[in-house]
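Visitor: The following block contains a protein sequence and its predicted model.
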Amino acid sequence: MLGSSSGKTRVLIVDDSSFMRMAIRSVLSKDPMIDIVGTAADGVEGVEKAIALKPDVITMDVEMPKLDGISALRQIMAKAPTKVLMVSTLTNEGAKSTFEALDAGAIDYIPKNVTDSTEAQNIFREELLRKVKDAVRSRFGRSSAASVISAPSVSPVRPTLPTAAPTRLSGKLAGKKIGYVGIGASTGGPVALQEVLSRIPVNFPYGIIVGIHMPRAFTGPYADRLNAKCSMTIREAVDGDILKPGLALIAPGGMHTTLVKQGTNIVVRTVPTTAHPQYVYIPSVDLMLSTMAEATGGAMLGVILTGMGNDGFKGMQLLKQKGGVTIAQDEATSTIYGMPKACVDGGVADEVLPLGQIGFEISKFAG
């Protein structure tokens, strides 16, 4: 629910850089449905104003004096739960901090680009406006199934699949056979994917590839994070990779990923975005799943998780036409019920499952 009787989205900007506070205010204030209710120059002030002003959305810098953004986020979630967007630098360290913030309860992140490039500035403006509006529409809070992922792993031993996983496939999935798994996600996806992949055993017999809307600097660190927390081997895909059992590949950001058949193998081919200008989202889940469906002849499972928009629907549609198997995340556990909803409404989801069940269901194809 919006906090303003006028129906406007009330935003608090927290950033130690006066330039960034001004830049964010300049972008958001141009939208007549957004009201900037305050700014803060450090984490302590950010927490105080979050409690006092009760904004609908907070944009939060990560690196700040007195109290850093992640610590401030944790205090806000404890004292005055609010939808928070992290403003993150496009670096490996920025990526690591962003994923920590998402675990701590942030809704999403906005890559900070302070270059003089007009194109980069335009992208930042578009992303900022879109993500603030997406945050308002997003589901606030976590399902209990996802709560386990925020706990850091303290053991060097890789986690194993929980023994409670059922062994029979559900509903329309019963009796289906697959050879590969393709997964797509966007807003809320970093947390959701960690939940799903953590349920899949190390000896899973089918290769997995994941497409998630992330910038180039983030997909590598994200793959490393997943690899440390899940049983399977997980890494960022590179051109020429072969989909193999026990391996999950993360499509690299900043480019598109396609799949081709070479002999008996399904091989990754990365292509520049200019080769497929019709795809708005990068990397495109539609392109990844469509080429994968063609390469596998439909002998695969397609999974669409939380995310804004409808990226993935056309890929799932082609997969269904080729006899493939499909799963979509349900509305109750989706941060943004956009991508899964498109598949459900379009009739291309064999099963609609809560987040906590999807990884278990995928693992049952190994039975």
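Guide: Everything's here; your move.

Visitor: and residue 19, that one's in a helix?
Guide: Yes. Residue state for residue 19 (DSSP: H, G, I helix; E, B strand; the rest coil) corresponds to a helix.

Visitor: distance between the ends of stretch 174-190?
Guide: In stretch 174-190, first residue to last residue: 28 Å (C-alpha to C-alpha, to the nearest Å).

Visitor: just stretch 231-249 next, same as before
Guide: Chord length of stretch 231-249, first to last residue, is 14 Å (C-alpha to C-alpha).

Visitor: what's it in contact with?
Guide: Stretch 231-249 is contacted from outside by 158-161, 180, 197-198, 200-210, 219-220, 223-224, 226-227, 230, 250-252, 257, 259, 265-270, using C-beta atoms under 8 Å, 6 or more residues apart in numbering. No exception for glycine: its C-beta is placed from N, CA and C like everyone else's.

Visitor: ok, now with 7 Å
Guide: Residues from elsewhere that reach stretch 231-249 (C-beta atoms under 7 Å, 6 or more residues apart in numbering): 158-161, 180, 197, 200-210, 219-220, 223, 226-227, 250-252, 257, 265-270.

Visitor: Report the buried members of these.
Guide: For those, a burial check counting by 16 or more other C-beta atoms under 10 Å picks out 161, 180, 197, 200-201, 204, 206-210, 219-220, 223, 226-227, 250-252, 257, 266-270.

Visitor: Which of these fall in helices?
Guide: Counting by DSSP state H, those place 197, 219, 220, 223, 226, 227 in helices.

Visitor: and those residues as a markdown table, adding pLDDT?
Guide: As requested, those are arranged in a markdown table below (pLDDT from 0 to 100):
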| residue | pLDDT |
| --- | --- |
| 197 | 97 |
| 219 | 96 |
| 220 | 96 |
| 223 | 97 |
| 226 | 96 |
| 227 | 96 |
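
Visitor: now, the most widely separated pair of the residues you listed?
Guide: 197 and 220 (16.2 Å; C-beta to C-beta).

Visitor: from the middle of its chain, how far away would stretch 261-280 be?
Guide: 21 Å (C-alpha atoms, centre = their mean, to the nearest Å).

Visitor: Please read the previous query as pertaining to stretch 292-308.
Guide: The offset between the C-alpha centroid of stretch 292-308 and the centroid of the whole chain comes to 17 Å, using C-alpha atoms, centre = their mean.
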